[in-house]
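Novice: This is a predicted model, with the sequence first.
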Amino acid sequence: MSNVLEARGLGKKYGRRWALSDCTLEIPTGRVVGLVGPNGAGKSTFLNLAVGMLTPSAGEIAVLGARPTGGEARRDKVGFVGQDTPTYAGLSVGDHLRLGAHLNPGWDDSLATGRIAGLGLDPGQRAGRLSGGQRAQLALTLGIAKRPELLLLDEPVASLDPLARREFLQDLMEAVAEQELSVVLSSHLVSDVERACDYLVVLVDSRVQVAGDIEHLLSTHHRLTGPRREPETMPGDQHVLTASHTDRQSTYLVRTDQPIHDPAWEVSALTLEDLVLAYMRGATDATARPALEALR
Amino acid sequence: MIWLTWRQFRVSALVLMGALAAGVVVLAVTGPQLADLWLSAGERFFAELSDDRGKTAVFYTGTWIVYALPAVVGAFWGAPMVARELEAGTSRLVWTQSVTRTRWLATKLGVTGAGAAAAGLVGLALTWWCGPIDDAVAKGYSDPGLLSVPRLWPQLFSARGLVPLGMTVLALVIGVTVGLLVRRSIAAMAVTLVAVVAVQLMLPLLVQSHLMAPEKLTTTITQERLTEFTGRPGIAPDQMVVERMEVSVDSPGAWITSNLTYDSSGKVVETFPSWVAECASPPGQQDAGTEACFDRLEAEGYRQHVEYHPASRFWTMQLIETGLLLGVAAGLAGFCFWRIRRDLT
């Protein structure tokens, strides 16, 4: 199976408001995917649909080849760490591990206890007394120790301080490397994704603006600076994401698979943040869409 | 899943069960004393019982506790079951494990429901304790207070036998349902409290009399049978207009649901003729005129129609009402299973 997650025309309506509409997306197996987008883009709704907490209002979604809300759903193979990493305040760390063991047939107890020991957490401590970072780690442990094929994380680090954020993501990457699982991590911060992920999906207003391997994306996107030039005169194999002009100078962000030989341009690489922002900005401009569709 | 259910439930379960167990110990200690009193006092039983502060306190407190139990179970065991998970966001943790929401709810309802049923058994304990009182009532003894209220009467019916079990289980499911709909613990607890009390008021007022068709008795009104007069002062001084007469049925502990006088044309009497006042002479002042009055009532075709439930129906009616409550609980539980599979975030 090449795709761990597939959505076709997926939509979710709350009352009369669509939180996600007509979302079509494929996520390949074995990647650590960063799902990035502004608040309200539908990231959280998408992940809740993927894990079966919500049922689609339109379209369909398949996770590990099965409908997440159906009887054939592969609940034991999908791990989930919810927004704000919820834990039971009244239960101890050890109780949470017991919960995981009782509720999951594939529970890996040595993995779970090893992680808790490695994090220096006292199994007797109540989860309500843990720091935000420790609580997130506990939630992640529950998600990992059920030995999923796919781990979904909904803004897991949103409420953490920068240090805890870094530790959490580092920890996540180590677990991923050891277990060979696919991961989808949503965030509205590009820096989180840059640190942890190797695949990027930018979601704006339910639409996938760009999806692809991060290294490949960075190697095919360039900033061109040079004498002023109108967009119509750009070569056909260069898709213009954004353009800005002064009287004498033009700056273009372009995507192209071809090397750029034109000596008039000063070519510089984009950071991931530049790239994401360019696509987010482009999303507000409807004309940018056809070009992006072509990329997928 | 049973482990998790018990882990989350054990504190509130042990608190309530501990309190109930203490109550049952009190019943177990004082019950035999009450039986001894019944054996020794005989017809003076109620007189002596009403002087016994300890046992009357057990009677009233016990009845009160059995009535309060369903609301407590509904509000503290039922309402937070789903509402607290949604409120704290832990639903996102527990419902994304390998266990389905349906199984989660089934286990939760099963374990907590078994606890509620066990708690509801205090109704049987209280019934056992009150055995001597019920025997005395069956003998026709009575007391001016509440002690000798027959157990079939609506005041006590739902505090005895199996109905508390049915009511407690229903209250639990009402709590879970309200929690699912309201989604906030405190609000759900308040709504549950109101809903459970409303059901408890509805049972005696609207439900109990329809559980079985009443026995019907048509009889002449005699001096011996007459139990109650209702009247108002007439126009002339010393004159009384009789509006209602009630008679007894020869069945101690029965619950009379209708007690009406019909005239010879078959209509319900609303006001009796003035000569009927003669029948209403207070005891001790009855004379030949009183007797003549009752004879005239019979001669002119006045008949009393009484509808009642004899005391022997107690357990049959208990089973029917308990079954009804459990049936409604099952229906509500079905709704919960349907609802929990839908979106809840």
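Specialist: Perfect, I can see it now.
Novice: Near chain A, which residues of the stretch 51-200 of chain B are found?
Specialist: B:88-100 (Cβ under 8 Å from any Cβ of the partner chain). Backbone N, C-alpha and C define where each C-beta goes, glycine included.
Novice: Identify each buried residue in the longest helix seen in chain B, please.
Specialist: For chain B, the longest helix by residue count, based on DSSP state H, is helix B:2-41. For helix B:2-41, burial by neighbour count (16 or more other Cβ atoms under 10 Å in any protein chain shown) applies to B:4-5, B:7-9, B:12-13, B:16, B:20, B:23-24, B:26-27, B:30-31, B:34, B:37-38, B:41.
Novice: Mind checking the pLDDT average for that helix?
Specialist: Taken as a whole, helix B:2-41 has an average pLDDT of 95.
Novice: And the next helix or strand after that helix, how far out from the chain middle?
Specialist: The first helix or strand that comes after helix B:2-41 along the chain, using DSSP states H and E, is helix B:45-51. How far helix B:45-51 lies from its chain's middle: 23 Å, per Cα atoms, centre = their mean, to the nearest Å.
Novice: Check stretch B:257-271 too.
Specialist: With Cα atoms, centre = their mean, you get 29 Å for stretch B:257-271.
Novice: So A:Ala264: helix, strand or coil?
Specialist: For A:Ala264, the assignment made with DSSP: H, G, I helix; E, B strand; the rest coil gives coil.
Novice: wait, doesn't A:Gly128 sit right on A:Val93?
Specialist: No: using Cβ atoms under 8 Å, A:Gly128 makes no contact with A:Val93, being 10.8 Å away.
Novice: The two: which is more packed in?
Specialist: Neighbours were counted for A:Gly128 and for A:Val93 using other Cβ atoms under 10 Å in any protein chain shown; A:Val93 has more, 23 against 12.
Novice: and the gap between whatever residue of the stretch 151-296 of chain A ends up closest to chain B and B:Glu48?
Specialist: Relative to chain B, the nearest point of the stretch 151-296 of chain A is A:Asp154 (8.1 Å; Cβ to the nearest Cβ). Here the criterion is Cβ to Cβ, to the nearest Å. By it, A:Asp154 lies 71 Å from B:Glu48.
Novice: With A:Val32 instead?
Specialist: 83 Å.
Novice: Which of the two has more residues huddled nearby?
Specialist: A:Val32 (21 against 14).
Novice: residues from chain A in reach of chain B?
Specialist: Residues of chain A lying near chain B (Cβ under 8 Å from any Cβ): A:48, A:51-55, A:75-76, A:78-80, A:82-84, A:86-91, A:95, A:98-100, A:102-106, A:139, A:142, A:146.
Novice: Specify the local secondary structure of the residue of the stretch 51-200 of chain B found nearest chain A.
Specialist: As assessed by Cβ to the nearest Cβ, chain A sits closest to B:Arg92 within the stretch 51-200 of chain B, at 3.3 Å. Under the three-state scheme (three-state DSSP), B:Arg92 adopts helix.
Novice: and it, what pLDDT?
Specialist: 93.
Novice: pLDDT score for the residue most central in space within chain B?
Specialist: With distances taken as Cα atoms, centre = their mean, B:Ser158 lies nearest the centre of chain B, 2.5 Å away. In this model, B:Ser158 is scored at 95, pLDDT.
Novice: neighbours around the residue nearest to A:Asp109 when sequence neighbours are not counted, how many?
Specialist: Spatial nearest neighbour of A:Asp109, excluding adjacent residues (Cβ to Cβ, 6 or more residues apart in numbering or on different chains): A:Ala101 at 5.9 Å. Neighbours of A:Ala101 under the rule other Cβ under 10 Å: 16.
Novice: May I ask which helix or strand encompasses A:Ala101?
Specialist: A:Ala101 belongs to helix A:93-103, assigned by DSSP H and E.
Novice: residues making contact with that helix?
Specialist: A:87-88, A:91, A:107, A:109, A:112-113, A:116, A:121-127, A:130, A:138, A:141-142, A:145-146, B:1, B:3-4, B:7, B:94, B:97-99 (Cβ atoms under 8 Å, 6 or more residues apart in numbering or on different chains).
Novice: can you check stretch A:224-238 too?
Specialist: A:240, A:243, A:245-258, A:260, A:262, A:264-268.
Novice: Please save the CA atoms from that stretch in CSV.
Specialist: Provided in CSV are the C-alpha atoms of stretch A:224-238 (Å, rounded to 0.1, in the frame of the first residue of the first chain):
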residue,chain,number,x,y,z
LEU,A,224,15.0,35.1,-8.5
THR,A,225,16.1,38.7,-8.2
GLY,A,226,17.1,40.8,-11.2
PRO,A,227,16.2,43.7,-13.5
ARG,A,228,12.5,44.4,-13.8
ARG,A,229,10.7,41.9,-15.9
GLU,A,230,7.0,41.2,-16.5
PRO,A,231,5.5,37.8,-15.4
GLU,A,232,4.4,37.0,-19.0
THR,A,233,7.9,36.9,-20.2
MET,A,234,8.9,34.1,-17.7
PRO,A,235,9.8,30.7,-19.3
GLY,A,236,6.9,28.2,-19.4
ASP,A,237,8.6,25.7,-17.1
GLN,A,238,8.8,28.2,-14.2
